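J.: what shape does this take:
(2 chains, ligands or ions: 3)
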Amino acid sequence: MHLDSKTPSGPLHEKWDKARFDLKLVNPANKRKFDIIVVGTGLAGASASASLAELGYNVKTFCIQDSPRRAHSIAAQGGINASKNYSNDGDSVRRLFYDTIKGGDFRAREANVFRLAQVSGSIIDQCVAQGVPFARDYGGLLANRSFGGAQVSRTFYARGQTGQQLLIGAYSALMRQVSAGKVELLPRREMLDLVMVKGRARGIVTRNLVDGKIESHSAHAVVLCTGGYGNLFFLSTNAMASNVSASYKCFKKGAFFANPCFTQIHPTCIPVHGKYQSKLTLMSESLRNDGRVWVPKNPGDSRPPSQIPESERDYYLERRYPSFGNLVPRDVASRNAKDQCGLDKGVGETGFAVYLDFANAINRDGHAAIEKKYGNLFAMYDKITGDNPYENPMMIYPAVHYTMGGLWVDYNLMSTVDGLFVLGEANFSDHGANRLGASALMQGLADGYFIIPYTMGGYLAENSFDDVSAEQAEFSDAAKQAKEKIQKLLNVNGKRTVDDFHRELGNVMWENCGMSRKNSDLEKALGQISSLREEFWQNVKTPGTGAEFNQSLERAGRVADFMELGELMVKDALSRQESCGCHFNEDFQTDDNEALRNDKDFCFVSAWEYKGKDKEPELNKEPLVFENVELTQRSYK
Amino acid sequence: MTKNISVTLIVWRQANSSDKGKFETHQLTDISKDMSFLEMLDVLNEELTTKGADPVAFDHDCREGICGMCGTVVNGRAHGPNKGTTLCQLHMRTFNDGETIVVEPFRARPFTVLKDLAVDRSSLDEIIMAGGYISANTGGAADANAILVPQDAADEAFESAACIGCGACVAACPNASAMLFTAAKISHLALLPQGKPESAKRAASMVKKMDELGFGNCGNEAECEAECPKEISITNIARLNREFFKSKFLSDE
Ligand SMILES: Cc1cc2nc3c(=O)[nH]c(=O)nc-3n(C[C@H](O)[C@H](O)[C@H](O)COP(=O)(O)OP(=O)(O)OC[C@H]3O[C@@H](n4cnc5c(N)ncnc54)[C@H](O)[C@@H]3O)c2cc1C
Ligand code: SF4
Ligand code: FES
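T.: Residues are numbered from 1 along each chain as shown, chains lettered A, B, ... in the order given. Ligands and ions are numbered 1, 2, ... in the order given. Have a look, this model is predicted:
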């Protein structure tokens, strides 16, 4: 199938303006005749729901948690980028665009990324107007910091709780519209399927997580804002309910899944403790502004850090990357940590950790200054590990954090299914093969506040719609299938718990399709996943019934989809015979062990098409054309 | 270094909101002190599931103290014994070998138990709906630096905005008042120039809603402040009262 990205013609900086002019408008009086379903209330879903409702559409908004304010976005710590150039240090729309394209190792669409940089400033304006308490300078102006590999200070932040404050802003705008009667809020609901009528997305089927009721909802369009699928790896920094099920069900209904193997591994997380571990906690990478990463020079050195003299420490990032030092991009920092541990220089009880040391910064700036900057992060570390990072260096290790892959969308954020839009982390969007720090919050809010309000209008105005009701056959069929799937899970009544399967799947993926990949491992993983999936359907134990509050059942449904997506991820990784960004295939590397791209053969987006049960998915390619940047080998030396 | 412990867990079981509910006792051995409290419950649930029993339902999501989804009463205290700590951030190293731990849901009139330890706290969302926002439609905002906010005001607003909406303050209050939660939101917005125009009206409307929903009055017991995992200060309540008082004048207009 030919993938039409619908990128507007003309010079890069005029494309979005042109698109907005070309998109038809919905007559203001007609907006109330359109119903829109928004699934998800993270930054993308809450901002989209509020903005669409403000325009006059009828919005129905769904989330898994008991309140929209608890979406996974709440946990983002470090900050949000915008090319305001308030710091006067050389930032511009073009520089943010370039950094994002380069950071993504030239595997994102130019026009989308440029638009993201263009609207970034308005996001900050909007958030301030809502009362987001960003950090300020003494004079009362907004403060900025440099973050995650950027050489300019363009990151806005609210201590270590930026995601929380941004989400509360979007949530309050959403609740204002709920109160105005323009949004109907349905929390504790899980989307189980997408409903298509005459080839268009016209509704969803959900499960009420309190009483188990299967419900159908119709609309003129569906906006999926269901976040990323990092939890496939069992251990990740994502919230426990983060999942792929909504996206995966849409994949099965015809939405292409793009670049599924692009997974970001974050370099600074608290290391794994034991088998009971349920999730991993991120330590914001803003810590790398002042913390220095090191391991002992000598393999097997098990002395406590305080007894290892300076001369026997290896500050390997500073040594290998003199100009970026500890601030190299995430994928580079993560891989280096893994390599050091592979050389038997890892520290801590398991040997899977490196030090992040603040002694220099504390000596230089004083305890109080460091506490002001990072107090809550240090306290969090102390709480989890029982160790004081003011006195001993932190121990950190990489963990799965973010998925750049997701449903394929065109310039208007519409998937290959008519009327199904995908926003935020759930789409494949703007980050290419690697996302820069502080860019996900920016993208989620750009999509929700400033892009979907225009492109949704265009879709609704350009098409005519049949009347559809949630009582008609397409809905009752989808509901019936959803019920059967639930019953099938409950009927297995085997011996192993859902978590036990999930842990094993995560382990297979982490070992073979994680930080660095090899063709032979990937081939092996394919077999392992398919036999694990087979066992799952014969031996999983899901207690209780479908007609009650049943958290095991919720997890079982999500893990069943992870089992299928895992295979797609591995296939995607195998088909991309190059290294780029986070996708590091050991067979393709430079002499300096950096990712070696193959622009001649792989400068495209991989968009996978579902072909039916037990059939091979088909790979479609959207060629990436770069007219405004030169494709260079990333170098952070 | 780490030593594993054994604990006796007395946990509240209730099939649904109409069930009467009862306590159930479980012995757990070989619990690592590095486990979080919720991971200990995971271990219990894995055991129950394997035995064919119904696992204990409890709400949780981020497991890093920020989403506000978790929360139960542990040995009589909301979120357990540690100051400024959510349940998910409470670790088993806080407990002694052989200790008995009683776990109950947050109890308050406006919170219904859904199952076991999971409660319905949607009344807190309803309080926010009554005015916990600044009326700023998308698109109309001026440049972010057009509004100067003194650093101390921004810091103070942030302190109030740090509330995670967990409802522990309500569960801890003998009157089931939601004053700390409501005051935190009113303060966050009243402290910022952007939020000032609506602040008196906001206070009146949110307090009215709180009363309608059946939350009790504030009796200055300060239990809320003691149990709040984000250490939201009770001085916020004084600020709420000031805004509420101003609104009395406004309503006479
Ligand atoms: C610990 C951590 C720190 C981070 N820090 C930063 C940072 O500093 N800067 C930055 O830019 N990015 C950061 N990120 C990344 C960023 O937070 C996320 O990418 C972003 O918040 C995702 O937002 P979202 O709106 O797309 O989805 P989410 O916030 O994940 O929301 C998903 C929503 O979908 C709902 N949902 C999911 N499935 C279903 C279903 N089947 N049915 C119904 N509802 C469903 C959920 O209930 C939820 O409401 C961080 C991520 C993590 C894990
Ligand atoms: S004030 Fe504290 S205890 Fe009350 S909801 Fe907010 S964070 Fe929870
Ligand atoms: S699970 Fe999010 S605060 Fe505890």
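
J.: CA only for contacts and neighbour counts going forward, please
T.: Noted.

J.: okay, now the spatially closest residue to residue A:357 that is not a sequence neighbour: neighbour count?
T.: In this structure, residue A:357 finds its nearest non-sequential neighbour in residue A:393, 4.3 Å apart by C-alpha to C-alpha, 6 or more residues apart in numbering or on different chains. As a burial measure, residue A:393 scores 21 neighbours (other C-alpha atoms under 10 Å in any protein chain shown).

J.: just residue A:471 next, same as before
T.: 11.

J.: the one 4 residues further on now?
T.: Residues lying near residue A:475 (other C-alpha under 10 Å) number 26.

J.: which SS class is it?
T.: helix (DSSP: H, G, I helix; E, B strand; the rest coil).

J.: wait, it touches residue A:216, no?
T.: Yes. Residue A:475 is within contact range of residue A:216, at 6.3 Å (criterion: C-alpha atoms under 8 Å).

J.: buried residues in the helix or strand where residue B:126 lies?
T.: Per DSSP states H and E, residue B:126 falls inside helix B:122-129. By neighbour count on 16 or more other C-alpha atoms under 10 Å in any protein chain shown, the buried set for helix B:122-129 is B:123-129.

J.: likewise for stretch B:135-143?
T.: For stretch B:135-143, by 16+ other C-alpha under 10 Å, it's B:135-138, B:141.

J.: put together CSV for these, with secondary structure on each row.
T.: Output for the buried residues of stretch B:135-143, formatted as CSV (three-state DSSP):
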residue, secondary structure
B:135, coil
B:136, coil
B:137, coil
B:138, coil
B:141, coil
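
J.: just give the nearest non-adjacent residue to residue A:619, would you?
T.: Closest to residue A:619 by C-alpha to C-alpha, 6+ apart is residue A:608, at 4.7 Å.

J.: if we can go back for a sec, which residues touch the residue nearest to residue A:357?
T.: Counting by C-alpha atoms under 8 Å, 6 or more residues apart in numbering or on different chains, residue A:393 makes contact with A:305, A:355-359.

J.: can you give the domain ranges for the chain?
T.: All of this is about chain A. A:266-400, A:473-599 (automatic domain parsing).

J.: right idea, wrong chain: chain B
T.: According to automatic domain parsing, the ranges for chain B are B:5-114, B:122-135+B:144-250.

J.: so residue 26, which state does it fall into?
T.: The chain I'm using is chain A. In three-state terms, and counting by three-state DSSP, residue A:26 is coil.

J.: you answered for a different chain; I wanted chain B.
T.: Residue B:26 - assigned by three-state DSSP - is strand.

J.: that one against residue B:8, yeah?
T.: Yes. Counting by C-alpha under 8 Å, residue B:8 is a contact partner of residue B:26 at 5.8 Å.

J.: what is the burial count for residue A:531?
T.: 11.

J.: A helix includes it, no?
T.: Yes. Counting by three-state DSSP, residue A:531 falls inside a helix.

J.: residues in contact with it?
T.: Residue A:531 touches nothing, counting by C-alpha under 8 Å, 6+ apart.

J.: any idea how far it is from residue B:164?
T.: Taking C-alpha to C-alpha, to the nearest Å as the measure, residue A:531 falls 42 Å from residue B:164.

J.: what values do phi and psi take at the residue nearest to residue A:619?
T.: phi -90, psi 140 (degrees, to the nearest 10).

J.: that one: how many residues sit nearby?
T.: Residues near residue A:608, counting by other C-alpha under 10 Å: 25.

J.: which residues does it bridge with?
T.: For residue A:608, the beta-bridge assignment (DSSP bridges) gives partners residue A:257, residue A:619.

J.: quick one, helices of the stretch 501-637 of chain A?
T.: Under the criterion DSSP state H, counting those that start in this stretch, the stretch 501-637 of chain A contains helices at A:519-539, A:551-575, A:599-602.

J.: among those helices, which comes closest to residue B:182?
T.: Among these, helix A:551-575 comes nearest to residue B:182, with 30.4 Å by C-alpha to C-alpha.

J.: name the residues that touch the closest one?
T.: A:232, A:243-245, A:248, A:259-261, A:486, A:489-490, A:498, A:502, A:505, A:509, A:513, A:519, A:522-523, A:525-526, A:529-530, A:532-533, A:536, A:542-544, A:546, A:583, A:606, B:57.

J.: filter the residues you listed down to the buried ones.
T.: Here, 16+ other C-alpha under 10 Å leaves A:232, A:243-245, A:248, A:259-261, A:486, A:489-490, A:498, A:502, A:505, A:509, A:513, A:519, A:522, A:525-526, A:529, A:532-533, A:536, A:542-544, A:546, A:583, A:606, B:57 buried among the contacts of helix A:551-575.

J.: so which of those are in strands?
T.: residue A:606 (DSSP state E).

J.: okay then, goodbye and thanks.
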